[in-house]
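>>> Fold the following and give me the result.
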Amino acid sequence: MRVVELSNHPGDMLGDAARRRRAAERRVLSVYEDELVRYRARVQATKVKRDRARARRHWWAWLTLSMTAWREKRRIPRPPVPSAGHDTNTDHEEKIMAGIAGEQLVATELGRLLDDRWTLLRGYRNRRGEIDHVLLGPRGLFAIEVKNLNATVHVDGDRWRADKYDKYGNLVEQRVIADRKGRSPSVQLNEPADDLERFLAGHGHPAEVQRVVILTHQRSRLGTVRNPTVLAGTSAAYALDLVDASAGDLDREQRAAIADLIQRDHAYHGKRQRPSRRAPSR
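Numbers count the residues shown, from 1 in each chain. Okay, the predicted model is just below:
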């Protein structure tokens, strides 16, 4: 299987998260260093006054300033202890890395069993969103969204819910599964997939985009599924089963044309995010 990496959004997110963490750590360290400078200045000033009082034999002032110096010494600022540490990732970074690992797991499993007639385009993006994997081969075109969810996932149309249980089987959390725009995984996948279908049809290569959400966490489970708008499975093998069951029939020339169009469309929308450059024609 040929792999084409169009973009690496999760990797970019991980880099941004790491940069934000390091910037926060630098700010905390800067505040500590400022406090330490002020602390040392206070201690030194008190010592100078104490020693001057002693030299002048002002014993009461000397005693008072000695006690003040002792108290000031005890008020030394505590060095910062970042919750994540300089070499440890935050929870947010850990989640992103788990998502990256899930995407790589799916790509590896597909590559292990599909031959060189297949192409996996990773990180395709258009005006409606991003698709983790677009798989193109003799049996058709597949859009694959990967989710790393430690939960039992229930689906009701385009409403997705995660139920999390503890090791004793007790329900400890229920939450809606949605991105920052409030879109469920099926909407996240359907919106760019619909746009891709329209784009291909408008350029003379109509192709149905089959859609599947893969839950890659080892504890992911599918619960109740009603009126789904996409297919859903809990392993990369499910995507392969979908490929095997597909009745699609794309010859080599069609596949080459569709792959080229997908890359052109992705490049077009990438250029649109940088308006200072002229975008290529779609």
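
>>> Quick check: bridge partners of the residue lying closest to V225 once chain neighbours are set aside?
In this structure, V225 finds its nearest non-sequential neighbour in V155, 4.5 Å apart by C-beta to C-beta, 6 or more residues apart in numbering. C-beta coordinates here come from the backbone N, C-alpha and C atoms, glycine included. Beta-bridge pairing for V155 (DSSP bridges): W160, V225.

>>> any idea how far G223 is from V155?
In this view, V155 and G223 are 8 Å apart by C-beta to C-beta, to the nearest Å.

>>> So which of the two has more stuff around it?
V155 (23 against 12; other C-beta atoms under 10 Å).

>>> show me the contacts for the more buried one.
S186, L222, G223, T224, V225, R226, P228, A232 (C-beta atoms under 8 Å, 6 or more residues apart in numbering).

>>> And the residue nearest to the fourth one when sequence neighbours are not counted, how far from A143?
Distances taken as C-beta to C-beta, 6+ apart put H154 closest to T224, at 4.8 Å, once the chain neighbours are dropped. Relative to A143, H154 is positioned 22 Å away (C-beta to C-beta).

>>> Compare these two (neighbour count), which wins?
Comparing H154 with A143 by other C-beta under 10 Å, the one with more neighbours is A143, at 23 against 18.

>>> Now the residue lying farthest from the centre of the chain. Its backbone dihedrals?
With distances taken as C-alpha atoms, centre = their mean, the residue sitting farthest from the centre of the chain turns out to be R57, at 68.1 Å. With angles defined as degrees, to the nearest 10, R57 sits at phi 60, psi 30.

>>> With E208 instead?
According to degrees, to the nearest 10, E208 has phi -70, psi 130.

>>> residue boundaries of the strands in the stretch 101-250 of the chain?
Applying DSSP state E, counting those that start in this stretch to the stretch 101-250 of the chain gives strands spanning 119-126, 129-137, 140-147, 152-156, 159-165, 171-176, 209-215, 221-226, 231-233.

>>> Quick one: mean pLDDT over the shortest one.
Spelled out, that is strand 231-233. Taken as a whole, strand 231-233 has a mean pLDDT of 95.

>>> strands paired with that strand, and their directions?
Strand 231-233 has the following strand partners under DSSP bridges: strand 209-215 (parallel).
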